[in-house]
Each structure stands twice: as C-alpha cells, then as structure tokens.
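Peer 1: got a structure for you, letters missing:
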Ligand code: DOR
C-alpha cells in the first residue's frame, strides 16, 4: 500500500539546505545542509537519482522526533483512533516515531499482537510505530505476561498504562525480569484506593466545583514504592506522565542512589493547571489521568524537566470519541489528544518561555527517549535512516481540534495560541507530511 511513496523515496536525492540543524544525538547545532538519498542520510549524493532542493531557511531540522507514550486504540477501539489516524496525527505533529500503549481490546499482551501492530504500521508507511507490551496478562495485574517473547516480536517496553500495577509482588517480578530486557517497565503510578472515584485533582478547585478529587499522593505513594522495588531488584523503571511533587522527590532519591529510574512529563501538565477545569466548566475535555495539578505543582514539574530530573516529554495522546467525552464529568473517560499540539506546547512553554535551549528541549523528545527505551539511532550521520522534522519555531497558530488528523478532538488546548509547529516530516527518506498536510502514502510524490 505504501509502495508509491516509498518507491519514490528510494529513487530520490533531497538536499535540505539553510535550516538550523539541532541534532541531540550527536550534539551538532548549527546551520548546514543535509543530503538524503534512497532513504538515508548521505555525505554526498551519488548522482544516480534526480536531486531536489528543499529551501529551509528559518526552520529547524530535528532528527527522530519521538513520542514514547501514545494510545492508538487498535485493535478493538477504532472508533476512538486507529493505526492510520494515529499515525497521521503523529506525522502532522512532526513525530517520526511513536510508542503505543497496550490498553487495547484485546490487550497487547502476546507477541502476535505486537508483531501485527508493527507490520500494520509498516504497511501504512507513515511513521514508525514501536509497540509497548502489557506487563500483566489482560492488564489484570495478576499474572506476568511473556515479556521476553513480546520483545522478540518488537516490543520496546512494558506497561499496564491506564491501570497501575498495584500488586507489589508482581511489580517486583516485572522489575527483576527487566534486567534481562532491552526496554523498561513503565508504570502508570496510582494507588487504586486513594484514587478511587476521583475525576480530578483534590484541592480548592475540586471542592469549589463539587467534583470528587484525588490527592497528588495517590501518585507519589506508588512512585515511592516503585523506586524502592527498583532498588531491591536492580530493574529498569520508567514513570509515565509524572505530575506530583512527591514523585519528584522519589525520583531524585532513586537517581542519587544510581538506580535505573527515569520519568516523563506531558505537555499538558507542563502548560496547564486544575484551574483549566473551572475555565472549561464541566466539560470533560480537561479530564485526564493523572489530573491537571495546581500551579505550584506545575511549576515544580517544569523545573524538574528544565534541570533534567525528568528527562523525557511524551504526550500521553489518549483520544476518545466526542460522545464519550460529552458525558457528565464524572462519567467521561480520562484522556486528551496530544500528538498535534505537543511540539507547539513544548516550544511555547519551555523554549519561548526561556527555560530550555532549543537543543536541550529537543533532546527530551529525541535522544533521551531513545536512550531509555534502549533503541539506537546515530543522529544525522551518513548511513542513518533519514527520519527528520522541519520545524518553524516562530509560527504562531491557534489550536483547532477540527483540523486534527486524530479522531480524538478532545483537548483543553483548543483555542490556545501556540508558538512553533512542525512544517514537514520525513520518515525513511519519504515525506509523510509537508506544510501541515499528511501525504497519502499511496500517492506518487
Ligand atoms: O488520561 C489517560 N487516558 N490516562 C491514562 O493513563 C490512560 C489514558 C487512556 O487510555 O485513555
């Protein structure tokens, strides 16, 4: 199916010139030209193929923009998202690689489903899809799934995301197992008892609105347990969508001891507070798990990302159907779409906000995610797969979910002004998005 585009890419030379190259894999930062031929970065074109120049002055050129936390809902919940719509959303957002969470129906807890997701995404020919396998069979939190077999089939990490691994004995086993795996155990940290019945963060806003909330400790008590289990086992722990100050303390504790513990933050937790719940009234567009936190907690998270304690930014792209999100606040599902706003939100909050240099911000969305998943990429060096994104860092735009490629239009950033967005995405030397338009992989370009 993807033959037209791929074939065209295999027979082209692209000269991308004038851009500011920001390559966190090699540390290269400066104006330059990148040559791409037959899907790879090359020193010089061979002359065997037609050459085209892409004038990219004023843009940034970033290799391998990666989002390690997305929900593509396939198999089983394709009314929310499927591999095609999710991949299109990723390409539109500038991402060349996404790692997909296994809370599908059926759950991705066997090698065949991991292999199917990989093959299906390759067939679509848009972005690279790296499946994350479940930790426990059926996400039931009881029996360990066959992590090794899933890794053999292409899984890059393991998570029961959407649900915490509550049983400490099972978590201990998973972390012990991870010592012989490439990818980490990714925990959706939440104490089920403390979180029970909650729809948002517990605090003055939840009290004002009469919406049941859960304290930040519902997250952090679980992170404290897990870092202790990481110490006990020597396993590799990654904390998904970290949002609570107590979790930051646990993470710092783990890092001081040299444990193999990492964490990610989402753009929405970096940009928004629980005041957004009040601003949106009782619209479940702000309902996300973990919930949006008060300003002081948001600021602590931003600081942790700035100093590198939290080393990765990932969207937790969690699309749902409008009918589901349209339910009363306490009945609607948790989750917001993030792939098409992630880059703009990060640039707006962190780079234009003066907190991180462009190279450092992009490191958290490229080299660091690769490192924590144990996946190699050499950067923009000859021979590397030509996966790159052109970014207009100063383009100001208003978020309009009606224009999303994702089936999920639910985002509290709707109507927000962001500064910076992807203008072109190339995967394997093939343009999958240009000027905001995702390119049909069947087309001859
Ligand atoms: O808000 C969320 N939605 N948080 C999660 O952890 C799961 C996700 C989903 O699957 O919808």
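Peer 2: Received the coordinates, thanks. Keep in mind that this is a model prediction, so the values were computed, not measured.
Peer 1: can you list the residues of the stretch 151-300 of the chain near the ligand?
Peer 2: 161-162, 188, 288-289 (Cβ under 6 Å from any ligand atom). All C-beta atoms are positioned from the backbone trio N, CA, C, and that covers glycine.
Peer 1: what's the closest of these to residue 409?
Peer 2: Closest approach to residue 409 among these (Cβ to Cβ): residue 288, at 14.7 Å.
Peer 1: nearest spatial neighbour of residue 138, skipping sequence neighbours?
Peer 2: Nearest residue to residue 138, sequence neighbours excluded (Cβ to Cβ, 6 or more residues apart in numbering): residue 107, at 5.2 Å.
Peer 1: residue ranges with poor pLDDT in the stretch 1-150 of the chain?
Peer 2: Where the stretch 1-150 of the chain drops to pLDDT under 70, the residues are 1-8.
Peer 1: if you could redo that for the stretch 151-300 of the chain, that was the one I meant.
Peer 2: For the stretch 151-300 of the chain (pLDDT under 70), the answer is none.
Peer 1: could you pull up phi and psi at residue 395?
Peer 2: phi -60, psi 120 (degrees, to the nearest 10).
Peer 1: report how many residues lie close to it.
Peer 2: 17 (other Cβ atoms under 10 Å).
Peer 1: how about it, what does it touch?
Peer 2: 419-421, 423 (Cβ atoms under 8 Å, 6 or more residues apart in numbering).
Peer 1: and the residues of the stretch 151-300 of the chain next to the ligand, which is closest to residue 403?
Peer 2: residue 288 (21.2 Å).
Peer 1: list of residues touching stretch 48-57?
Peer 2: In contact with stretch 48-57 (Cβ under 8 Å, 6+ apart) are residues 11-19, 37-38, 45, 390, 424.
Peer 1: my guess is residue 73 meets residue 104, correct?
Peer 2: Yes. Judged on Cβ atoms under 8 Å, residue 73 makes contact with residue 104 at a distance of 6.1 Å.
Peer 1: the more surrounded of those two?
Peer 2: residue 73 (26 against 23).
Peer 1: list only those of the contacts of stretch 48-57 flagged as buried.
Peer 2: 12-17, 19, 37-38, 45, 390, 424 (16 or more other Cβ atoms under 10 Å).
Peer 1: so which of the residues you listed sit within strands?
Peer 2: Judged by DSSP state E, strands contain the following of the buried ones among the contacts of stretch 48-57: 13-17, 19, 37, 390, 424.
Peer 1: now render these as JSON lines, adding distance to residue 111.
Peer 2: Formatted as JSON lines, these follow (distance: Cβ to Cβ, whole Å):
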{"residue": "13", "distance to residue 111": "38"}
{"residue": "14", "distance to residue 111": "36"}
{"residue": "15", "distance to residue 111": "41"}
{"residue": "16", "distance to residue 111": "38"}
{"residue": "17", "distance to residue 111": "44"}
{"residue": "19", "distance to residue 111": "40"}
{"residue": "37", "distance to residue 111": "35"}
{"residue": "390", "distance to residue 111": "36"}
{"residue": "424", "distance to residue 111": "35"}
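Peer 1: tell me the one of those nearest residue 357?
Peer 2: For these, the nearest to residue 357 is residue 19 (16.6 Å; Cβ to Cβ).
Peer 1: contacts only, for that closest one.
Peer 2: 31-32, 34, 56-57, 59-61, 390.
Peer 1: cool, residue 153 as well?
Peer 2: By Cβ under 8 Å, 6+ apart, residue 153 lies in contact with 111-112, 114-115, 118.
Peer 1: against residue 213, how distant is the closest residue to the ligand within the stretch 101-250 of the chain?
Peer 2: Nearest residue of the stretch 101-250 of the chain to the ligand: residue 162, at 3.8 Å (Cβ to the nearest ligand atom). Distance, residue 162 to residue 213, by Cβ to Cβ, to the nearest Å: 19 Å.
Peer 1: equivalent analysis for residue 97, please.
Peer 2: From residue 97 to residue 213 the distance is 35 Å (Cβ to Cβ).
Peer 1: next: residue 378.
Peer 2: 46 Å.
Peer 1: likewise for residue 427?
Peer 2: Distance of residue 427 to residue 213, given as Cβ to Cβ: 41 Å.
Peer 1: what's the answer for residue 269, then?
Peer 2: 16 Å.
Peer 1: between these two, which is the more surrounded one?
Peer 2: Using other Cβ under 10 Å as the criterion, residue 269 and residue 213 rank with residue 269 on top: 26 against 21.
Peer 1: helix, strand, or coil at that one?
Peer 2: The three-state assignment at residue 269 reads helix, by DSSP: H, G, I helix; E, B strand; the rest coil.
Peer 1: ok, it - contacts?
Peer 2: 241, 243, 290, 292-293, 298, 301.
Peer 1: how about the residue nearest the centre of the chain, what does it touch?
Peer 2: Against the mean C-alpha coordinate of the chain, by Cα atoms, centre = their mean, the closest residue is residue 67 at 2.8 Å. For residue 67, the contacting residues are 90, 93, 95, 97-99, 314-315, 317, 339, 342, 365, 369, by Cβ under 8 Å, 6+ apart.
Peer 1: okay, buried residues for stretch 323-334 please.
Peer 2: 324-325, 329, 332-334.
Peer 1: what is the burial count for the closest residue to the ligand within the stretch 1-150 of the chain?
Peer 2: Nearest residue of the stretch 1-150 of the chain to the ligand: residue 71, at 4.7 Å (Cβ to the nearest ligand atom). For residue 71, the count of nearby residues is 27 (other Cβ under 10 Å).
Peer 1: give me the nearest residue to residue 224, chain neighbours excluded.
Peer 2: residue 250 (4.6 Å).
Peer 1: could you pull out the buried residues of the host helix or strand of the one you found?
Peer 2: Counting by DSSP states H and E, the element that carries residue 250 is helix 245-256. For helix 245-256, a neighbour-count test (16+ other Cβ under 10 Å) marks 245-248, 250-251, 253-255 as buried.
Peer 1: okay, now residue 27: neighbour count?
Peer 2: Count around residue 27 with other Cβ under 10 Å applied: 11.
Peer 1: so the biggest helix by length in the chain versus helix 245-256, what angle?
Peer 2: The residue-count maximum for a helix in the chain (DSSP state H) belongs to helix 217-233. Interaxial angle of helix 217-233 relative to helix 245-256 (axes from the mean of the first three to the mean of the last three Cα atoms, to 10 degrees): 20 degrees.
Peer 1: and the next helix or strand past helix 217-233?
Peer 2: Note on helix 217-233: by DSSP H and E, the next helix or strand toward the C-terminus is strand 237-239.
Peer 1: helices or strands up against that following strand?
Peer 2: On a contact count with 3 or more Cβ pairs under 8 Å, 6 or more residues apart in numbering; DSSP states H and E, strand 237-239 meets strand 185-187, helix 217-233, helix 245-256, strand 261-265.
Peer 1: partner strands of that strand, parallel or antiparallel?
Peer 2: strand 185-187 (parallel), strand 261-265 (parallel) (DSSP bridges).
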